[in-house]
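Student: Kindly generate the corresponding structure for this input.
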Amino acid sequence: MLKTLLIFSLIFLKQTADISISSPQTGDTLIGQVEIIGNMDVLNFANAELAFSYASNPADSWFTIQTFPQPVRAESPTLAIWDTTPLTDGDYILHLRVFFQDGSSQDIVILDLKVRNDAPPATKIPALTESPGSITINPHFTVTSQPATLLPSFPSSTPLPANPVSVTSFSIYSNFAQGALITLVLFIVFSLLLRLRKT
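Tutor: Numbering: from 1, shown residues only. Purely as a prediction, here's the structure:
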């Protein structure tokens, strides 16, 4: 009985000892096509599944990257190429589950993977340091490039020519005075005509 238990323990240790994901690792920033490197070449392999999930995953939803009916051999450790370009920038979890022929399974989980496809890449600009007789370039500064924003340009306004039929305040007052004088003269003429008619 003890011998059987020891054999099963050794088989279980052999099954679980070699399963791993060596790249990417926790905290890595992922951009574009990401090579997932690891090992699942173990005894009693039945099948495996590689999947990812959002780091804040209340629904426990996993999205399959690739399934494996055969183990990936240790000689070529690339398990899959994960295309992160359709994903929204954020934090993700990578999950490898290997199933064994006895019905058991083992999980490898890589936490805090940062997908950053929309962020502009950091570019290094070398700093110049001068010494007598020579110039040395040291790349110590990182600058993030921002897209230039073009402002719309509008044509400048041109002044309009003077309006030949415009009315000034002087012409308004003079026309009012003329109208009042004509009205007064007509009133006097009609009143004289009415007096002459009565007499």
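
Student: Direction included, what does the helix or strand containing Leu111 pair against?
Tutor: Per DSSP states H and E: Leu111 is located in strand 105-115. According to DSSP bridges, strand 105-115 forms sheet pairs with strand 29-30 (parallel), strand 90-100 (antiparallel).

Student: remind me, longest helix of this structure?
Tutor: Longest helix in the chain by number of residues (criterion: DSSP state H): helix 169-198.

Student: How about that helix, which residues are buried there?
Tutor: Buried positions in helix 169-198, judged by neighbour count with 16 or more other C-beta atoms under 10 Å: none. C-beta coordinates here come from the backbone N, C-alpha and C atoms, glycine included.

Student: One more: stretch 70-89?
Tutor: Result for stretch 70-89 [16+ other C-beta under 10 Å]: buried residues 71-72, 77, 79-80, 82, 84, 87.

Student: Ser171 versus Thr64, what's the distance?
Tutor: Separation of Thr64 from Ser171 (C-beta to C-beta, to the nearest Å): 88 Å.

Student: circling back to that earlier point, what mean pLDDT would you report for the strand holding Leu111?
Tutor: Strand 105-115 carries an average pLDDT of 91.

Student: can you list the residues that contact it?
Tutor: 15-16, 19-21, 24-31, 38, 52, 55, 84, 87-100 (C-beta atoms under 8 Å, 6 or more residues apart in numbering).

Student: next one: stretch 22-37
Tutor: With C-beta under 8 Å, 6+ apart, stretch 22-37 has contacts from 21, 38-39, 50, 65, 77-85, 92, 94, 110-117, 121.

Student: can you give me the end-to-end distance of it?
Tutor: End-to-end distance for stretch 22-37: 6 Å, by C-alpha to C-alpha, to the nearest Å.

Student: Kindly report the same for stretch 24-37.
Tutor: Stretch 24-37: ends 7 Å apart by C-alpha to C-alpha.

Student: list the buried ones in that stretch?
Tutor: By neighbour count on 16+ other C-beta under 10 Å, the buried set for stretch 24-37 is 24, 30, 34, 36-37.

Student: Is my assumption valid that Ala51 occupies a position in a helix?
Tutor: No: under DSSP: H, G, I helix; E, B strand; the rest coil, Ala51 falls outside any helix and is assigned strand.
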